[in-house]
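A.B. asks: Sequence first, predicted model second:
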Amino acid sequence: MRKNQQMAFSLHSRNPRIVQSFARNFSLWSMKKDPSLESALSRNRRWVVNNQLKNIILRCPGQVAKVRFIQNKFKTLDLQGKALNWLKKYPCCFQVYLQGDEYYCHLTKRMMALVEEEESVKDMQEPVFVERLAKLLMMSRNQRLNVVKLNELKRNFGFPNDYLLRLVPKYPDMFRVVNYSGRRSSMEIELVDWNPDLVVSAIEASAQKQGSEPCFTCSLPSTWAKSWERFHEFNATPYISPYLDTKGLVDGSKEMEKRTVGLVHELLSLTLWKKASIIKLGHFRREFVLPERLNALLLKHPGIFYVSNKYQIYTVLLREGYNGQELVHKDPLVVIKEKFGELMQDGLHEYNRRRHLVNLEKKRNKGMVLGRSDKGKDLPDLDEQGDRGSLFDPEERKRIFLRNSSIARPVTIVRSQTRLLDEKWECKTQNFS
């Protein structure tokens, strides 16, 4: 950061116009903050971590995990501190117990009930998962997607962890697993049969309901005049479906930009929370024919997308998918996960209440706790003291501190000078003798 500032200062002394262009390139990720959408991003941060801990425990033998084993997983979860303290913060979700010299953890009964409910919802949502996977393959260039890359976004689309075993073999007339290079990391899911009934984007489906031409919607305030002008200019050209072949489109053209915006819009529409990581979307640049600077393209359309750097993770949200900080349409899986979030919050409140009671008991044992009636008698009322001041007045304490420091400084100087005179006198007497 300091190096960039020095560079900008040296450029400013030579040519101010260069500084302006430098600032524009340096602030490439900047976007005016939307408090509602920022709150929607931060609300499920703890849920994501606890959901991963839940999956780790469920994969352990007997669905019981050693706390030491969970501690080793903390780095992959981007967490710091002790796993034991984290687990104890959510007693409604995780049950921690000591056996011998080892701490163990398993899910509570309320948590296991939500896990079973989530599995039943996934079974009912299986046709929806199959349709989403088929749509993703239809939007890709060769109707194939790399399994390793798709695993990074499987939770965004709601796919179960074992979707390769649960969905792909069950629908051989739609999917198959291929590996043309022979490498393990090159395993791909390929579309077997093209279904024309699924080639309808969310924008086209909305236009069919309204009986109008397919077009994008802008979710910006009316005060953003320039952004509205650019949006109307962009929306004036015909809509290009993301399921169309890109062979006839030229890179960098307005038609290609229109198709890319429509493709990102469709991808976000298929996700549970209408959001995705820009870095992970960029991994599909070759499959979905995305531009190298996808972030710059998204920032050009603030009425359609919202780009955030919350938790230093660049995320793009679909503006029309949110009403304030709430989703407009909630997937059944989202409803279950919100129940999990409520249970997690209840556990956090219970943990804070227990901790408060323990601290009160410690203070009572030390004789530090006063009753509410005693507090009013022992502590003087600031309003009754008027202008006299007291030690409870912050301004009075500040004046006393300054006065004492000003008195102490000359005293220390006098003492140091006296010590020097004594040392000189001792030296003279020694030389004289």
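C.D. replies: Received the coordinates, thanks. Numbers count the residues shown, from 1 in each chain.
A.B. asks: And the strands in the protein, which stretches?
C.D. replies: Taking DSSP state E as the test, the strands found in the chain are 64-66, 94-99, 102-107, 144-146, 175-178, 188-191, 275-277, 305-308, 315-318, 322-323, 326-327.
A.B. asks: Would you mind measuring from Asn179 to Leu318?
C.D. replies: Asn179 sits 34 Å away from Leu318, going by C-beta to C-beta, to the nearest Å. C-beta here means a position set from N, CA and C on the backbone, and glycine is covered the same way.
A.B. asks: same thing with Lys122?
C.D. replies: Counting by C-beta to C-beta - Lys122 and Leu318 are separated by 23 Å.
A.B. asks: neighbour count winner among those two?
C.D. replies: The neighbour comparison of Lys122 against Leu318 (other C-beta atoms under 10 Å) goes to Leu318, with 23 against 19.
A.B. asks: Do I have it right that Gly324 meets Pro35?
C.D. replies: No: contact criterion C-beta atoms under 8 Å: Gly324 and Pro35 do not qualify, at 9.4 Å.
A.B. asks: neighbour count winner among the two?
C.D. replies: Gly324 (12 against 9).
A.B. asks: what sits against the more buried one?
C.D. replies: Ser36 (C-beta atoms under 8 Å, 6 or more residues apart in numbering).
A.B. asks: Pull up the gap between Phe284 and Asn142, please.
C.D. replies: Applying C-beta to C-beta to Phe284 and Asn142 gives a distance of 12 Å.
A.B. asks: For these two, indicate the residue with more neighbours.
C.D. replies: Each of Phe284 and Asn142 has its neighbours counted (other C-beta under 10 Å); Phe284 has more, 23 against 11.
A.B. asks: Ser39 contacts Gln325, correct?
C.D. replies: Yes: counting by C-beta under 8 Å, Ser39 touches Gln325, with 4.6 Å between them.
A.B. asks: Next up, the contacts around Glu338.
C.D. replies: Glu338 neighbours (C-beta under 8 Å, 6+ apart): Lys330.
A.B. asks: got a list of what the closest residue to Asn142 other than its chain neighbours touches?
C.D. replies: Nearest non-adjacent residue to Asn142, counting by C-beta to C-beta, 6 or more residues apart in numbering: Glu287, 7.7 Å away. Residues in contact with Glu287 (C-beta under 8 Å, 6+ apart) are Ser140, Arg141, Asn142, Arg144, Leu145, Asn146, Lys149.
A.B. asks: ok, the residue nearest to Phe94 when sequence neighbours are not counted - how many residues close by?
C.D. replies: The shortest distance from Phe94 to any non-neighbouring residue, by C-beta to C-beta, 6+ apart, is to Leu87 (4.5 Å). Using other C-beta under 10 Å, Leu87 has 22 neighbouring residues.
A.B. asks: quick one: Leu87 from Glu118, how far?
C.D. replies: Counting by C-beta to C-beta - Leu87 and Glu118 are separated by 20 Å.
A.B. asks: How about Val358?
C.D. replies: Distance from Val358 to Glu118, by C-beta to C-beta: 34 Å.
A.B. asks: The two - which one has more neighbours?
C.D. replies: Glu118 (18 against 10).
A.B. asks: Which residue is the nearest non-sequential neighbour of the more buried one?
C.D. replies: Closest to Glu118 by C-beta to C-beta, 6+ apart is Ile336, at 4.8 Å.
A.B. asks: Identify the residues contacting stretch 85-93?
C.D. replies: Residues contacting stretch 85-93 (C-beta under 8 Å, 6+ apart): 50, 53-54, 67, 70, 79, 94, 96, 105, 107-108, 110-111, 340, 343-344, 346-348, 350-351, 354.
A.B. asks: repeat that with 10 Å
C.D. replies: 46, 49-50, 53-54, 57, 65, 67, 70-71, 74, 77, 79-80, 82, 94-96, 103, 105, 107-111, 114, 340, 342-352, 354-355 (C-beta atoms under 10 Å, 6 or more residues apart in numbering).
A.B. asks: List buried residues within the residues you listed.
C.D. replies: 46, 49-50, 53-54, 57, 65, 67, 70-71, 74, 77, 79, 94, 103, 105, 107-108, 111, 114, 340, 343-344, 347-348 (16 or more other C-beta atoms under 10 Å).
A.B. asks: Which members of the residues you listed occur in helices, if any?
C.D. replies: 46, 49-50, 53-54, 57, 67, 70-71, 111, 114, 340, 343-344, 347-348 (DSSP state H).
A.B. asks: These: which two are farthest apart?
C.D. replies: Farthest-apart pair in those is Gln71 and Leu114; separation 24.6 Å (C-beta to C-beta).
A.B. asks: Now tell me what touches stretch 206-214 from outside.
C.D. replies: The contact list for stretch 206-214, computed with C-beta under 10 Å, 6+ apart, reads 200-205, 215, 217, 238-241, 262, 269, 320.
A.B. asks: Who wins on neighbours among these?
C.D. replies: Going by other C-beta under 10 Å, Gly262 tops the contacts of stretch 206-214 with 24 neighbours.
A.B. asks: Report whether the expected contact of that residue with Ile203 is present.
C.D. replies: Yes: using C-beta atoms under 10 Å, Gly262 makes contact with Ile203 at a distance of 6.9 Å.
A.B. asks: what residues do the two have in common as contacts?
C.D. replies: Pro214, Phe216, Tyr239, Ser241, Pro242.
A.B. asks: Looking at those residues, spot the one nearest His232.
C.D. replies: Nearest to His232 among those, with distances taken as C-beta to C-beta, is Phe216, at 10.4 Å.
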